[in-house]
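> the amino acid sequence is not available; the structure is as follows:
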């Protein structure tokens, strides 16, 4: 039943703490998993701080020395443990802690099984897909480096990169690379460098270590942080056999920190040599092209049509003169034949002309109405006729008509 309280009758702090203690005491013992961040050994008692590996939450744990003694050689800060404990409320200070009665180390096999389960989960979400990998810049002007303070990994990356390209700049973020707080610090550093306007690529580097030492780089939050970045991320964790989950979500996996520096920063000497090779190759290609074109031009110029262009004109002039002569001869022949044909035709026309008949002494008689007289029966005595001969015409009068002649007169006999 709830205790009555009001602004007029508030509960004292001690009473509230006592009530909370009563509620906590009614809770039963539970199994809890976490990572030890602090370990303090005192006579008769052990004090631990147990942290959630995935969230920034921790609880205090107390236990008797006898509970920890079997694990004294293997239990240390950073160990993953499972403990059986009952929540306790310390009324005087108002703090909650866990009273452990049994502690078990999480074995390596179990850790690897959990990592494999997380790996399958991230792979199913497509976070390892090759198509989402971003290409690295050819020549980064500024490199973000996340690594341990004064570590061999930091020294290797900086020395190798500056030896390969002296002008390269770094934005270094020193973080914890081992222990329960390492994953969170690395993730924050990656987010900070991703927001940096000048950083072109981010390298996360750490030296080798045991599976437990490299666990922060398989943290789910860190993996999702790397996937969400806009800047390409290079994972350079441990040595060649080491493969934390960060290697799968990063845009490039380097075998070692030194390898990361070599793959991110080009070698200035190699690039200069490559530029020289390309320049020499371009020069050879251009020289060869010019020589081929020059030889082709010389071949074209050596042809007769260009070597002596007037010769072609002379040949064409001769052909044109011959064609003109042929045309003239052909036209002359045609005109001569046409003139000859015209003369023959004219002669035939003249021969067939009535005037030619008149020239031979014939005459044409016409009556007054203009009708040509072809038969004497058409005439009457005393009729006026017009006679036409070769020299001209005159008028005649019909005299006595002769008797009809039974025999026809010869048409070619001239008139008397």
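Nice, I can see it. Bear in mind the structure is a predicted one, so any value in this text is a computation, not a measurement.
> residue 291: what secondary structure?
What DSSP: H, G, I helix; E, B strand; the rest coil gives for residue 291 is helix.
> and for the one 5 residues further on?
Classification of residue 296 using three-state DSSP returns helix.
> the helix or strand encompassing residue 163 - contacts with which helices or strands?
Here residue 163, judged by DSSP states H and E, is contained in helix 152-164. Secondary-structure packing of helix 152-164 (3 or more Cβ pairs under 8 Å, 6 or more residues apart in numbering; DSSP states H and E): strand 142-147, strand 169-174, strand 201-206, helix 257-264. C-beta coordinates here come from the backbone N, C-alpha and C atoms, glycine included.
> residues contacting residue 33?
Residue 33 makes contacts with 80-82, 106, as judged by Cβ atoms under 8 Å, 6 or more residues apart in numbering.
> in strands, which of those fall?
Counted as lying in strands by DSSP state E, out of the contacts of residue 33, are 80-82.
> can you pull the buried residues of stretch 73-82?
75, 78-81 (16 or more other Cβ atoms under 10 Å).
> so which of these is the closest to residue 261?
residue 78 (28.3 Å; Cβ to Cβ).
> state the three-state secondary structure for the residue lying closest to that closest one once chain neighbours are set aside.
Excluding the flanking residues, the one nearest residue 78 by Cβ to Cβ, 6 or more residues apart in numbering is residue 179, at 4.8 Å. Secondary structure state of residue 179, per three-state DSSP, is coil.
> now residue 320
helix.
> that older thread, tell me the most buried of the helices and strands packed on helix 152-164?
Comparing the helices and strands packed on helix 152-164 by mean neighbour count (mean count of other Cβ atoms under 10 Å), strand 201-206 ranks first with a mean of 28.
> which residues are contacting that one?
For strand 201-206, contacts defined as Cβ under 8 Å, 6+ apart pick out 136-137, 140, 143-148, 151, 153-154, 156-157, 177, 186, 190, 193-194, 214, 217, 226, 229, 231-238, 246, 250, 254, 257, 260-261, 264.
> can you tell me the centre-most residue of the chain?
By Cα atoms, centre = their mean, the mean C-alpha position of the chain lies nearest to residue 135, the distance being 14.7 Å.
> then that one would be within a strand, right?
No. Assignment of residue 135 by three-state DSSP gives coil, placing it outside any strand.
> just after the top strand by length along the chain, pick out the following helix or strand.
Longest strand in the chain, counting residues (DSSP E): strand 30-42. Using DSSP H and E, the next helix or strand after strand 30-42 towards the C-terminus is strand 45-51.
> partners of that following strand, with directions?
According to DSSP bridges, strand 45-51 forms sheet pairs with strand 30-42 (antiparallel), strand 58-64 (antiparallel).
> any idea how far the residue nearest to residue 78 lies from residue 336?
Counting by Cβ to Cβ, to the nearest Å, the separation of residue 179 from residue 336 is 126 Å.
> ok, residue 94 next?
145 Å.
> neighbour count: the two, which is higher?
residue 94 (13 against 10; other Cβ atoms under 10 Å).
> what is the burial count for residue 67?
Neighbourhood size, residue 67 [other Cβ under 10 Å]: 19.
> pLDDT score assigned to it?
If you check residue 67, the pLDDT there is 80.
> that one contacts residue 102, correct?
Yes. Here residue 67 lies in contact with residue 102, judged by Cβ atoms under 8 Å, at a distance of 6.6 Å.
> pLDDT of the longest strand of the chain, averaged?
Per-residue scores along strand 30-42 average to 83.
> residues of it that come out buried?
Quick answer for strand 30-42 (16+ other Cβ under 10 Å): 32, 34-37, 39.
> if I look at residue 10, how far off is residue 16?
For residue 10, the distance to residue 16 - Cβ to Cβ - is 9 Å.
> which one of those two is surrounded by more residues?
residue 16 (15 against 10).
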